[in-house]
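> this one's sequence-less:
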């Protein structure tokens, strides 16, 4: 698969503050690629560098092999869906959608036809002559999408486009966005702080924190094989347990769990000493005597699941997720339980 | 929703009974300070002039006749259109329009500059813009005259720099009147335009750039239409007082730059005055201003509808 955007060692500084510390990644053609991270991690800055609203301080961004540093935003074959939509308030819906085509010099009849098709695609054909202020948030969002797609860009940049919508609409739009991406074959670069959004839509995800890429991979990669503590903690729920690493070789580590039990597990680090182990709550089960022993503090009822909040002998808090079935035996608060780690449940993290 | 409508509140009307008494102050202000003077002006314009100023209570159309019609030196020839006053009006409109344009060309970039500074700096810039307006307009206009007169600082410094050999005759020219109007009313352009630009969402400019629009296209197609209400407000706030201004044309201009304001002013001075005629000129001026405002209101309504 060919590369759509090649980002190499991009640095962005604002005065003395550094927003991006040498970020590199390759975004493939026809890919739904997500930049995921908490606010302030640099994901929006990176998106704005691709769009051309910010100049990079160092490094290079190549779009289909071409360095785009010298191009103004209006010369880059990418379009953006803005977080607050940024619809032109003085233009009707159809004029908004046709604006990019008008700027490209497309004749009136053709641009109205294309804009009409775009509105059809986002199910807003009946709203062509409305003004943006007369639309609901979800409808404005679709207009923004149609407007950005109308000039048929090679890459579509989406800056948290769903964050202003309510939950139900957000969930519906996730599916629609993914379908739209598959239909059009356009490369989507999607920015979000919502890990669920990222996991459900993306082909690949770049997890960012403090201006650095922490991990790039598929949803399964970053959930099941998190590289470091930040990724393990940010994506889903996890138990982080400090362990002694006695030996590392060939990507596997020998570790000593609190309580003395020894374990061999995949490792993201090559150093011995004190490191953290990530264990997903749903990959643990209760037994009489397991690799770990803890005391139950609380049982939280979640409907489909039960959440067990426990603590190891050394005081490390711990969560276990149990499926809520008739056979599940639920321990009382205060009970001592053994915990069994399923095959491949534990992973030694880099810091 | 509950089934039955709520019963009316028991025992009385609360604030409701006080509606009319509470409205009295507002009515009084509008009535005494706006309607009454306008009515007085309209009535006076139909009265007969007294020779040493003042009026005689005989209703006549003489003032309007004098404004629009020429019946010859002795008033016995068949009436033709009197161009004297109409041309003064025309010149005033022209001067006011030019002043408005000059204020817009300087005011818009100024307002844009201020609105794009960090929030803390904006207050300082606005403050600096308003400082000169703490000084009385008459004093500022006279000062301007001193600045631009033949041996004033402007000509002196231009001559000492060797840019000119003879002083520029600026006083008593159209340019001087323009300068006076521009200087007097510039903040009335800057402030409303600033208010509009400050609310402008710069993501709109980014969105337009993202959709292949160049800088000038963004200004023309996005920025100007979106901040238009501020620009229209600024233009009206400069145009209307410029039209009736008399300090700048009186002090900085000469016979050739005579404007409506001076014409009206003259009618109420001592025994030379003609109160009904001054009132009639004012009524014509006010009618024109009302027409401008009406046009603006219609344009704004059209803008709101899209």
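Okay, I see it. Being a predicted model, the structure only gives us computed values, none of them experimental.

> can you list the residues that contact the helix or strand that residue B:156 is a member of?
In the assignment (DSSP states H and E), residue B:156 maps to helix B:153-160. Residues external to helix B:153-160 that are found in contact with it (C-beta atoms under 8 Å, 6 or more residues apart in numbering or on different chains): B:146, B:147, B:148, B:149, B:164, B:165, B:166, B:167, B:168, B:170. No exception for glycine: its C-beta is placed from N, CA and C like everyone else's.

> 10 Å instead?
Identification of contacts with helix B:153-160 by C-beta atoms under 10 Å, 6 or more residues apart in numbering or on different chains yields B:144, B:146-151, B:163-170.

> Mind checking which of these are buried?
Buried members of the contacts of helix B:153-160, counted by 16 or more other C-beta atoms under 10 Å in any protein chain shown: B:144, B:148, B:149, B:167, B:170.

> out of these, who's nearest chain A?
residue B:144 (39.2 Å; C-beta to the nearest C-beta).

> and the closest one, how far is that from residue B:203?
Residue B:144 sits 42 Å away from residue B:203, taking C-beta to C-beta, to the nearest Å as the criterion.

> Residue in the stretch 1-150 of chain B with the shortest distance to chain A?
Among residues of the stretch 1-150 of chain B, the one nearest chain A by C-beta to the nearest C-beta turns out to be residue B:118. It sits 12.9 Å away.

> quick one: that residue from residue A:279, how far?
Look at residue B:118 and residue A:279: by C-beta to C-beta, they are 48 Å apart.

> Residue ranges in chain B under the pLDDT threshold?
Within chain B, the segments meeting pLDDT under 70 span B:1-14, B:303-306.

> For it, what lies in contact range of chain A?
B:201-215, B:217-218, B:221-222, B:224-226, B:228, B:303-306 (C-beta under 10 Å from any C-beta of the partner chain).

> Now the buried members of the residues you listed.
B:203-213, B:217-218, B:221-222, B:226.

> Max pairwise distance over those: which two?
Spanning the widest gap among these are B:212 and B:226, at 18.8 Å by C-beta to C-beta.

> circling back to that earlier point, please flag which of the buried ones among the contacts of helix B:153-160 sit within helices.
B:144, B:148 (DSSP state H).

> Just the terminal-to-terminal distance for stretch A:23-32.
Between the opening and closing residues of stretch A:23-32 there is a gap of 19 Å (C-alpha to C-alpha, to the nearest Å).

> List the buried residues for it?
A:23, A:25, A:27, A:31, A:32.

> touching chain B at all, it?
No - using C-beta under 10 Å from any C-beta, stretch A:23-32 stays clear of chain B, with a minimum separation of 17.9 Å.

> chain center to that stretch, what's the gap?
Between the centre of stretch A:23-32 and the centre of its chain there are 13 Å (C-alpha atoms, centre = their mean, to the nearest Å).

> same question, stretch A:134-151
For stretch A:134-151, the distance to the chain centre is 22 Å (C-alpha atoms, centre = their mean).

> cool, stretch B:40-52 as well?
On C-alpha atoms, centre = their mean, the centre of stretch B:40-52 falls 25 Å from that of its chain.

> Would you mind listing the outside residues contacting it?
Here stretch B:40-52 makes contact (C-beta under 10 Å, 6+ apart) with B:54-64, B:66-67, B:267, B:270-284, B:286.

> Now do the end-to-end distance for that stretch.
20 Å.

> mind listing what's buried in that stretch?
By neighbour count with 16+ other C-beta under 10 Å, stretch B:40-52 contains the buried residues B:41, B:44, B:45, B:46, B:47, B:49.

> do stretch B:266-286 as well
B:266-267, B:273-285.

> Repeat that for stretch B:184-197.
Using 16+ other C-beta under 10 Å as the test for burial, stretch B:184-197 gives B:184-197.

> Give me the neighbour count for residue A:228.
Applying other C-beta atoms under 10 Å in any protein chain shown, we find 18 residues neighbouring residue A:228.

> got the contact list for it?
Per C-beta under 10 Å, 6+ apart, neighbours of residue A:228: A:207, A:209, A:214, A:215, A:268, A:269, A:276, A:278, A:349, A:350, A:351.

> Could you check how far it is from residue A:161?
Distance from residue A:228 to residue A:161, by C-beta to C-beta: 28 Å.

> quick one: the strands in the stretch 1-150 of chain A?
Along the stretch 1-150 of chain A, counting by DSSP state E, counting those that start in this stretch, strands occupy A:3-14, A:17-28, A:32-36, A:58-63, A:66-67, A:78-81.

> Can I get these in a markdown table including mean pLDDT?
Converted to a markdown table, these look like this (pLDDT from 0 to 100):
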| stretch | mean pLDDT |
| --- | --- |
| strand A:3-14 | 94 |
| strand A:17-28 | 95 |
| strand A:32-36 | 96 |
| strand A:58-63 | 95 |
| strand A:66-67 | 94 |
| strand A:78-81 | 96 |
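
> want to try a markdown table for these, with distance to residue A:256 as columns?
Shown next, in a markdown table, are those (distance: least, C-beta to C-beta, whole Å):
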| stretch | distance to residue A:256 |
| --- | --- |
| strand A:3-14 | 39 |
| strand A:17-28 | 34 |
| strand A:32-36 | 33 |
| strand A:58-63 | 42 |
| strand A:66-67 | 51 |
| strand A:78-81 | 50 |
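
> And those strands: which comes nearest residue A:104?
Per C-beta to C-beta, nearest to residue A:104 of these: strand A:78-81, 11.2 Å.

> shaky segments in chain A?
A:1.

> Please list the residues of the stretch 101-250 of chain A that sit near chain B.
So the stretch 101-250 of chain A meets chain B at A:101-105, A:129-131, A:133-134, A:144, A:147-148, A:150-151, A:153, A:157, A:159 (C-beta under 10 Å from any C-beta).

> so where do the helices sit in the chain?
No chain specified, so I'll use chain A. Along chain A, counting by DSSP H, helices occupy A:43-51, A:93-103, A:108-121, A:137-149, A:167-184, A:195-201, A:219-224, A:229-234.

> To clarify, I was referring to chain B.
Under DSSP H, chain B gives helices at B:19-30, B:36-44, B:62-68, B:83-115, B:119-130, B:137-148, B:153-160, B:174-199, B:203-210, B:215-218, B:224-244, B:247-252, B:260-267, B:275-305.

> and which of the buried residues of stretch B:184-197 is nearest chain A?
Comparing these against chain A with C-beta to the nearest C-beta places residue B:196 closest, at 12.6 Å.

> I'd assumed residue B:227 was in contact with that closest one.
Yes - contact status for residue B:196 versus residue B:227: in contact at 4.0 Å, counting by C-beta atoms under 10 Å.

> Mutual contacts of the two, please.
B:108, B:111, B:115, B:234.

> quick check, nearest of these to residue A:303?
The closest of those, once distances to residue A:303 are taken by C-beta to C-beta, is residue B:115, at 51.8 Å.

> Isn't the closest one up against residue B:200?
Yes - checked against C-beta under 10 Å, the pair residue B:115 and residue B:200 is within contact range at 7.4 Å.
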